[in-house]
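K.L.:
build me a structure from this.
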Amino acid sequence: MKNFFNLDNPVFQFLTRIADLVICHLLCLLCCLPIVTIGASFTALSKCTQDMVLGDIGGTTRTFFSAFKENFKQGTIVWLCAAVALTAIYCDFILLKLYVDGPLYTVLAVVVLIFLFLILAILSYLFPLMARYDNTVREHVHNAALLMIYKFPRTIAMVALHICPFLLLWYFPTIFLYTMPFWMFMGFSFLSQLDSTLLRPVFKELESLE
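P.N.:
Numbers count the residues shown, from 1 in each chain. Here you go, the predicted model:
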């Protein structure tokens, strides 16, 4: 029993990590409730999971709210712009279904899907970049676009991770319901940790060039 509570015990470390992920997820959900704060919430979540991957996490709650406060302005600007773009994409799909059919519908739907992919790809890099570096929004967007291109395999992996819950809900609703507790209590933080793991060598490469 004494060894179980040893900080170096793998089981204890695993349980601590699970607890941190649950706390981060719930904090993110809570701070997303005003809607307009979603960008700052996901940026703060990314900061926490990056620290977890690096082993630098101190106090989860303190780290989250510190990052939330520091990135509130930029996160809000990015989120509002993203919300407008995603709403436009959704409206495009509705209009296509109502007024277009046949081969033309297929072509235009593919074009819209490409734009959706680009938006999701840039956002996949944008929130982690804001969490890690001090830059203007313009510079963050520019760097996110470059990384999206130069690290394209990772880009595909991250976008696939982000749309996985929606695909699961759409195509396999029964499986989604069975896994609902997971998505409710640590879904966001788990996906964010996978993002941070994928981005760790990318950031290490960038920082070695400085």
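K.L.:
pull the number of nearby residues for Lys73.
P.N.:
Lys73 has 12 neighbours, counted by other Cβ atoms under 10 Å. For glycine as for every other residue, the C-beta is placed from the backbone atoms N, C-alpha and C.
K.L.:
same check, this time on Leu29
P.N.:
Count around Leu29 with other Cβ under 10 Å applied: 16.
K.L.:
nearest residue to it other than its sequence neighbours?
P.N.:
Phe188 (7.1 Å; Cβ to Cβ, 6 or more residues apart in numbering).
K.L.:
distance from the chain centre to the helix or strand in which Val159 is found, please.
P.N.:
Using DSSP states H and E, Val159 sits within helix 152-171. Here helix 152-171 is found 11 Å from its chain centre; the criterion is Cα atoms, centre = their mean, to the nearest Å.
K.L.:
so what does whichever helix or strand comes after that helix touch, helix or strand wise?
P.N.:
Counting by DSSP H and E, the next helix or strand C-terminal to helix 152-171 is helix 173-178. Judged by 3 or more Cβ pairs under 8 Å, 6 or more residues apart in numbering; DSSP states H and E, helix 173-178 is in contact with helix 152-171.
K.L.:
which other helices and strands does the helix it packs on contact?
P.N.:
Here helix 152-171 touches helix 102-132, helix 137-150, helix 173-178, helix 180-208, going by 3+ Cβ pairs under 8 Å, 6+ apart.
K.L.:
if you set the cut-off to 7 Å instead, what comes out?
P.N.:
Applying 3 or more Cβ pairs under 7 Å, 6 or more residues apart in numbering; DSSP states H and E, we find helix 152-171 packed against helix 102-132, helix 173-178, helix 180-208.
K.L.:
so for it, what's the average pLDDT?
P.N.:
Taken as a whole, helix 152-171 has a mean pLDDT of 94.
K.L.:
so which of the helices and strands packed on helix 152-171 gets nearest His25?
P.N.:
Across those, His25 has its closest neighbour in helix 180-208 (4.0 Å, Cβ to Cβ).
K.L.:
list the buried residues of that closest one.
P.N.:
Buried positions in helix 180-208, judged by neighbour count with 16 or more other Cβ atoms under 10 Å: 183, 185-196, 198-199, 203.
K.L.:
just the residues you listed now: which is nearest Arg62?
P.N.:
Nearest to Arg62 out of the buried residues of helix 180-208 is Ser189 (Cβ to Cβ; 16.0 Å).
K.L.:
now Leu168, nearest residue through space, not along the chain?
P.N.:
Looking at Leu168 with Cβ to Cβ, 6+ apart, the closest residue is Phe176, at 4.7 Å.
K.L.:
got a pLDDT number for that neighbour?
P.N.:
92.
K.L.:
ok, Val11 next?
P.N.:
So Val11 comes in at 73 (pLDDT).
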